[in-house]
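[1] Here is my input, please return the structure:
(2 chains)
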Amino acid sequence: MKAFAMSVEIPSFPVPPASTSQTAGAESGYERWQTTDADPQTTRPARRSLAMLAVRAGAFAIFLGVFLIFAVTAPYFLTIGNIGNVLGQSAITGVLAIGLTLVIIAGGSNVVTGGIDLSLAANMGLSAAVYAAIIQAGYGDAVAVAGALATGLAIGAVNAAAVTLAGIVPLLVTLAVMNVVAGLELVLTQNTVIPAATDFLAALSASGPLGLPVLAYILVGFTLSVAVIVQATPLGLRLYAVGAFPEAARAAGLPVKTFIGGSFLASGLSGGIAGILSVSYLSGSTTGAGDMLLPVVVTALLGSVFSNRLIPTVTGTLLSALFVGVLINGFQLLNIPSTLVSGVQGLLILLVVSATTLLGRKEAA
Amino acid sequence: MTTDTFTGVNRRNLLKLTAAAGVVAGAADLLAARGAVAEEALSLKGKRIGISTAGTDHFFDLNAYNAQIEEVKRLGGEPIAVDAGRNDGKLVSQLQTLIAQKPDAIVQLLGTLTVIDPWLKKARDAGIPVFTIDVGSANSINNATSDNWGIGKDLALQLVSDIGGEGNIVVFNGFYGVTPCAIRYDQLVNVTKYFPKVKIVQPELRDVIPNTVQDAFTQITAILAKYPEKGSIKAIWSAWDIPQLGATQALVAAGRTEIKTYGVDGSPEVLQLVADAASPAAADVAQQPAELGRVAIRNVARYLAGEKLPRETYVPALLANKQNVKEISKKLGIG
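    Numbers count the residues shown, from 1 in each chain, chains lettered A, B, ... in the order given. Sure thing, here's the model as predicted:
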């Protein structure tokens, strides 16, 4: 529990703890943490926790406010079917963003030098193309599922090897891998749509119990199982320790590189799973998977504001995916002209992030 | 004069083909007229119409999309318009939400059939009438589309007439898998069959997406190097007008402006070239996107008023050539 507490008390979250301690060395980094943190903790506990509460509650309050406004003003918003639609429509982004969250947790949250996986969207595209191509070649769903997951894992393995063995910055590695993977998808599909229709795919895109889409159940199930592993097991605790204080984690005997490599494998697997969901959602593999990249990165980064301590968490990423999903859905239900939607959406996201960051900075001062 | 005999042949065949086309057009008119609700009686008062488009980044889809919204408003209805920005995932999500909104009808503009068809079916299963523009779906009550047979025939006849019924033509045929392109190409072949001195240069060229313009430029430059003497190629044909744009630029760059280019879609930049007397761009068949949008919405109103609709409603395309391009551009609301 000690390691967990360390990482969460870093006051200004966007500042990279990993990179500062990289230059400072293990022991001094540990010392610096002790002096910066212990002092305010003991002198101003009441003010601190009050401000912290505002920061924590801020994003949740905005989400709740937006939800309530839509519930009152947007027709059909608060129906079971519509909420199910939002969950189902967020499934692919959600699964990818959760994969990315794991990489960010293990690699540290500095956007430039920390953990990032830019190959995720392309991974989903190639995995989906592999799935559809296997179906077109006359094989069954079991082979196609294995093929898609293996594709995702293989991409994760390449990322993991380049980051941990060659020691290249994840941003560059995954950018390069993204291009290679997108190129492979082009070769495989010739930039065309490969249709795929099987009973398994139809079942995935159908409605399940309570009339909710099966994809909604998959998103919730996927989130819960990853959240349990990351947020409630020693393994998850170590993952956070590795990302926040690599030197301290190494000093404590944790295999840092194994954890970082593992996070890329997990994110690769998420890409494979998202590929399967995408094939069912779009009745085949289609072009333009790369368009998913920015929404996925935004969702994962935005996820931090939906966590108690402003750190990347699996449940926070789910909430972030749902927040974006609710915005898109609510705007359509309110019949706001499509030309305005992305602008208003970007503005709201900016509002949430800046409000939380400002509050966080005030609290840190 | 040889040209006289050719014009003679030309006219006779022209007559035959236009007669056949006339019969088809007449039949279409008859179909449309049966049990028709008067234009001015059409109303969408109190109706909510879902309008979904694959994107609005081309001249065609932007105009068809906006015209639909306007037409629904003009008829007193409420449009629920969503633009997927050429993203299939977004397109499906929007259709899903649209179905949950239970509109009185959904009109789908463009989109890959295999991706959208399962969701059009879900809309139909939910009791929402589905209409389409340029999408041949079995789940659609009526599809408003350009008459691609007419487009292909008009363009081919203009080409053959311009080159005096004789000479080599270079053809871009990279999208025979896309139905409208296949129809237009087949019509070119049908017409040239009766002009034995018109030869399609083999192998045919393959136009590509993306980088269509640059690629067409490169391919045509290579062809010109292969056929250096003037008159060895008379015309360049493509099933849409973006390869035509690249081909025209290549001709100007190589100083081979005696060769004429032909295409389809009425993109504003190509119509501008046609309007330029010095440009090799000879003709461009313009679809009427705004009219397609309006026709689709009026069809929705007709259907909701209890009228039975044909499977497809054809909107005539307009051939713009050096003589009439100003007038056509005006009609399309360009420039």
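[2] how far away is the closest residue to A:I336 other than its chain neighbours from chain B?
    Leaving aside its sequence neighbours, A:I336 sits nearest to A:V344 (Cβ to Cβ, 6 or more residues apart in numbering or on different chains; 7.0 Å). C-betas here are computed from N, CA, C, even on glycine. A:V344 sits 14 Å away from chain B, going by Cβ to the nearest Cβ, to the nearest Å.
[3] neighbours around A:V344, how many?
    The burial count assigned to A:V344 is 12, neighbours taken as other Cβ atoms under 10 Å in any protein chain shown.
[4] quick check, distance from the helix or strand containing it to the centre of its chain.
    Element membership for A:V344 (DSSP states H and E) is helix A:338-364. Distance of helix A:338-364 from its chain centroid, counting by Cα atoms, centre = their mean, to the nearest Å, is 18 Å.
[5] So which residues on the stretch 1-150 of chain A come close to chain B?
    When proximity is defined as Cβ under 8 Å from any Cβ of the partner chain, the stretch 1-150 of chain A approaches chain B at A:P75, A:Y76, A:T79, A:G81, A:N82, A:N85, A:G88, A:Q89, A:I92.
[6] List the contacts of residue 129.
    Unless you meant another one, I'm taking chain A. Shown in contact with A:A129 (Cβ atoms under 8 Å, 6 or more residues apart in numbering or on different chains): A:E185, A:L188, A:T189, A:I194, A:G275, A:S285.
[7] Chain B, not that one
    Neighbouring residues of B:P129 by Cβ under 8 Å, 6+ apart: B:D104, B:A105, B:I106, B:I141, B:V300, B:Y303, B:L304.
[8] Am I right that the third one falls within a strand?
    Same thing as B:I106. Yes. Counting by DSSP: H, G, I helix; E, B strand; the rest coil, B:I106 falls inside a strand.
[9] Next, count neighbours for the nearest residue to A:A202 once chain neighbours are set aside.
    Spatially, and ignoring its direct neighbours in sequence, A:A202 is nearest to A:S280 (7.7 Å; Cβ to Cβ, 6+ apart). Neighbour count for A:S280, taken as other Cβ under 10 Å: 26.
[10] so what's A:S280 up against?
    Contacts of A:S280 by Cβ under 8 Å, 6+ apart are A:F200, A:L201, A:A202, A:L204, A:S205, A:L215.
[11] how far is stretch A:89-104 from where the chain is centred?
    Offset of stretch A:89-104 from its chain centre (Cα atoms, centre = their mean): 4 Å.
[12] Would you mind writing the CA trace of it as CSV?
    In CSV, the C-alpha atoms belonging to stretch A:89-104 read as follows (Å, rounded to 0.1, in the frame of the first residue of the first chain):
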residue,chain,number,x,y,z
GLN,A,89,-21.4,3.0,-29.1
SER,A,90,-18.6,3.7,-26.6
ALA,A,91,-17.5,0.0,-26.6
ILE,A,92,-14.8,0.2,-29.2
THR,A,93,-13.3,3.5,-28.1
GLY,A,94,-13.6,2.4,-24.5
VAL,A,95,-11.7,-0.9,-25.0
LEU,A,96,-9.0,0.9,-26.9
ALA,A,97,-8.7,3.8,-24.4
ILE,A,98,-8.5,1.3,-21.5
GLY,A,99,-5.6,-0.5,-23.3
LEU,A,100,-3.9,2.9,-23.7
THR,A,101,-4.6,3.7,-20.0
LEU,A,102,-2.6,0.6,-19.0
VAL,A,103,0.4,1.8,-21.0
ILE,A,104,0.1,5.3,-19.5
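[13] Could you give me the buried positions within it?
    Neighbour-count burial for stretch A:89-104, counted by 16 or more other Cβ atoms under 10 Å in any protein chain shown, picks out A:89-104.
[14] follow-up on the earlier one: would JSON lines of the contacts of B:P129 with pLDDT, distance to B:L159 and neighbour count be doable?
    Converted to JSON lines, the contacts of B:P129 look like this (pLDDT from 0 to 100; distance: Cβ to Cβ, whole Å; neighbours: other Cβ atoms under 10 Å in any protein chain shown):
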{"residue": "B:D104", "pLDDT": "98", "distance to B:L159": "45", "neighbour count": "17"}
{"residue": "B:A105", "pLDDT": "98", "distance to B:L159": "40", "neighbour count": "25"}
{"residue": "B:I106", "pLDDT": "98", "distance to B:L159": "39", "neighbour count": "26"}
{"residue": "B:I141", "pLDDT": "97", "distance to B:L159": "36", "neighbour count": "18"}
{"residue": "B:V300", "pLDDT": "98", "distance to B:L159": "37", "neighbour count": "29"}
{"residue": "B:Y303", "pLDDT": "97", "distance to B:L159": "39", "neighbour count": "18"}
{"residue": "B:L304", "pLDDT": "97", "distance to B:L159": "43", "neighbour count": "18"}
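[15] would you list every one of the helices in the stretch 101-250 of chain B?
    Here the stretch 101-250 of chain B has its helices, by DSSP state H, counting those that start in this stretch, at B:113-125, B:148-162, B:179-192, B:212-226, B:241-254.
[16] Which stretch among those helices approaches chain A most closely?
    Among these, helix B:113-125 comes nearest to chain A, with 3.9 Å by Cβ to the nearest Cβ.
[17] hmm, who's touching the closest one?
    Counting by Cβ under 8 Å, 6+ apart, A:193, A:195, A:205, A:282-284, A:286, B:88, B:91-92, B:95-96, B:98-99, B:106, B:108, B:130, B:132, B:135-140 sit against helix B:113-125.
[18] quick one: low-confidence parts of the chain?
    You didn't pick a chain, so chain A it is. Counting by pLDDT under 70, chain A shows low-confidence ranges at A:1-49, A:51-52, A:55-56, A:356, A:359-360, A:362-365.
[19] look at chain B instead
    Low-confidence segments of chain B (pLDDT under 70): B:1-36, B:335.
[20] Fine by me, we can end here.
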